[in-house]
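K.L.:
The following block contains a protein sequence and its predicted model.
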Amino acid sequence: MIETVHVGLPGRAYDVHIGPDLIKQAGAHIAPLLSQPRVAVITDETVGALHLETLEAGLEAEGISCTSLSLAAGESTKSWSQLQVCVDWLLEQRVERRDVVIAFGGGVIGDLVGFAAAILRRGVRFVQLPTSLLAQVDSSVGGKTGINARHGKNLIGAFHQPSLVLADTALLNTMPDRDFLAGYGEVVKYGLLGDAAFFGWLETNAPLMAAGDMAARVAAVRRSVEMKADIVVRDETEQGDRALLNLGHTFCHALETATGYSSRLLHGEGVAIGCALAFELSSRMSLCPQEDPSRIRAHLHAMGMKTDLADIEGDLPDAEALLDLMGQDKKVIDGKLHFILARGIGEAFVTRDVPSDVVLSVLRDALALR
């Protein structure tokens, strides 16, 4: 049941293998990359406790030794202080430019460790072993690495492509339901931005996927990765089409900043809410049918996901303050905020011609429902 998606970047091409029990086979996949039989693994304490021993055995089966570092789990780990911890540790391990660093965890670990690899000795190779649904379908593919700043999310980073991605779908069985559904927010995003047929498939099959059906999980991860890989090859450094992958993220990042990157709002939950808001904004601008936002919310609700600002616990800033937080987003160019809007499900596009009063009206109405 192993599927492979090729990311065909000239001079930086790599494969994404998708399927169950890949970490048990990690040594066989990673060995061809190595100049010497050793790797350095950075994970988080939660993933390490569950899966590090299995990974070590998979590496040892091919004669590969490894040293490992476990960091605290959570979004707060994507910080300057933890970046320094990673870089100092890798230097202590005498990691050389031709060695391989393994990022073994969810999106936080993948982003952080990828950035550490990007700046260590001006760039060392790394392998992504994403352990969460969100990381498997999104953050492990495409080479975006980085950390958060007090001004906003992912504002410090670099493009640094992995040499290999192993998306072990069996690891999803150990995810808490909330985390799995948060990752699903990124899956559904792909259907909304560019594949209406995939969104229709998800309406039927996503409940099976959530219930543990491995074939549905592999199929959903594969299609998501295919779509991302296609966009990344066309626009590696987000000068054009790659911005489409940020559907829902302009709202999401502002909400994450407003909630302090805390457990009040997981990233994928923010993406789901952000997609619903982006389609609501598109509808109010007469870009997409009025039925689309309702259809999206109905699907998210059927999956048991957060769909509106009312689903976020605790206080939120007012509409003006949220709009101001959006102004710190990376999608601000020449002082203008770029939005990803849609002409319909599967028909997203990038624009900066969005009146602020319409954005404010969407936010005010959403806040009024709290």
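P.N.:
Arrived safely. Numbers count the residues shown, from 1 in each chain.

K.L.:
tell me the mean pLDDT for stretch 148-167?
P.N.:
Here stretch 148-167 scores 93 as its mean pLDDT.

K.L.:
what's the residue of the chain positioned farthest from its centre sitting at in phi/psi?
P.N.:
When distances to the mean C-alpha position of the chain are computed (Cα atoms, centre = their mean), the maximum falls on residue 63, with 31.9 Å. In this entry, residue 63 is assigned phi and psi values of phi 70, psi 20 (degrees, to the nearest 10).

K.L.:
And it, how close does it get to residue 135?
P.N.:
28 Å (Cβ to Cβ, to the nearest Å). All C-beta spots, glycine's among them, are computed from the backbone N, C-alpha and C.

K.L.:
ok, now which ones touch the residue farthest from the centre of the chain?
P.N.:
Contacts for residue 63 were tallied using Cβ atoms under 8 Å, 6 or more residues apart in numbering; they are 27, 31, 37.

K.L.:
wait, which of the residues you listed is closest to residue 53?
P.N.:
The shortest distance between residue 53 and any of the contacts of residue 63, using Cβ to Cβ, involves residue 27 and amounts to 13.9 Å.

K.L.:
average pLDDT for the helix or strand harbouring the closest one?
P.N.:
Following DSSP states H and E, one finds residue 27 within helix 26-30. For helix 26-30, the mean per-residue pLDDT is 98.

K.L.:
so how far is it from its chain's centroid?
P.N.:
Its chain's C-alpha centre lies 24 Å from the corresponding centre of helix 26-30 when counted by Cα atoms, centre = their mean, to the nearest Å.

K.L.:
List every C-alpha atom in that helix, with coordinates, as CSV.
P.N.:
Coordinates of the C-alpha atoms in helix 26-30 are reproduced here as CSV (Å, rounded to 0.1, in the frame of the first residue of the first chain):
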residue,chain,number,x,y,z
ALA,A,26,13.4,3.9,7.4
GLY,A,27,17.0,2.5,7.2
ALA,A,28,16.5,1.0,3.8
HIS,A,29,15.1,4.3,2.4
ILE,A,30,17.7,6.5,4.1
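
K.L.:
What is the neighbour count of residue 117?
P.N.:
Other residues near residue 117 come to 30 when the count uses other Cβ atoms under 10 Å.

K.L.:
okay but it is in contact with residue 101, surely?
P.N.:
Yes: between residue 117 and residue 101 there is a contact under Cβ atoms under 8 Å: 4.9 Å.

K.L.:
joint contacts of those two?
P.N.:
When contacts are counted by Cβ under 8 Å, 6+ apart, residue 117 and residue 101 are jointly contacted by 124, 125, 126.

K.L.:
Who wins on neighbours among these?
P.N.:
Top of the shared contacts of residue 117 and residue 101 by neighbour number is residue 126, holding 28 neighbours under the definition other Cβ under 10 Å.

K.L.:
Just the element for that one, please.
P.N.:
When elements are defined using DSSP H and E, residue 126 is found to belong to strand 125-130.

K.L.:
what is the mean pLDDT for that strand?
P.N.:
With pLDDT averaged residue by residue, strand 125-130 scores 98.

K.L.:
Which strands or helices does it pack on?
P.N.:
Counting contacts by 3 or more Cβ pairs under 8 Å, 6 or more residues apart in numbering; DSSP states H and E, strand 125-130 packs against strand 100-105, helix 107-119, strand 164-168.

K.L.:
Note down every partner strand of the first one and its orientation.
P.N.:
I take that to be strand 100-105. Sheet pairing of strand 100-105 (DSSP bridges) gives strand 38-44 (parallel), strand 125-130 (parallel).

K.L.:
got a list of contacts for it?
P.N.:
Defining contact as Cβ under 8 Å, 6+ apart, one finds that strand 100-105 is touched by 30, 33-34, 39-44, 47-48, 51-52, 55, 66, 73, 90, 95, 109-110, 112-114, 116-117, 120, 124-132, 135, 140, 162-163.

K.L.:
At which residues are the strands of the stretch 51-200 of the chain located?
P.N.:
Using DSSP state E, counting those that start in this stretch, the strands assigned to the stretch 51-200 of the chain run over residues 65-71, 100-105, 125-130, 144-149, 152-159, 164-168.

K.L.:
same thing with the stretch 251-370 of the chain?
P.N.:
With DSSP E, counting those that start in this stretch applied, the stretch 251-370 of the chain shows strands at 332-333, 336-337, 339-342, 348-351, listed in chain order.

K.L.:
tell me the contacts of residue 86?
P.N.:
Residues 42, 69, 71, 112, 113, 116 are the ones in contact with residue 86 under the rule Cβ under 8 Å, 6+ apart.

K.L.:
which ones are touching the fourth one?
P.N.:
Going by Cβ under 8 Å, 6+ apart, residue 112 touches 42, 71, 77, 78, 82, 83, 86, 103, 145, 147.

K.L.:
which of the residues you listed tops the neighbour count?
P.N.:
Per-residue neighbour counts (other Cβ under 10 Å) across the contacts of residue 112 peak at residue 103, which has 32 neighbours.

K.L.:
and that residue, bridged to which residues?
P.N.:
Residues in a beta bridge with residue 103, per DSSP bridges, are residue 42, residue 128.

K.L.:
could you measure it against residue 137, distance?
P.N.:
As judged by Cβ to Cβ, residue 103 and residue 137 stand 16 Å apart.

K.L.:
Phi, psi for residue 260 please.
P.N.:
Note on residue 260: backbone dihedrals following degrees, to the nearest 10 are phi 70, psi 30.
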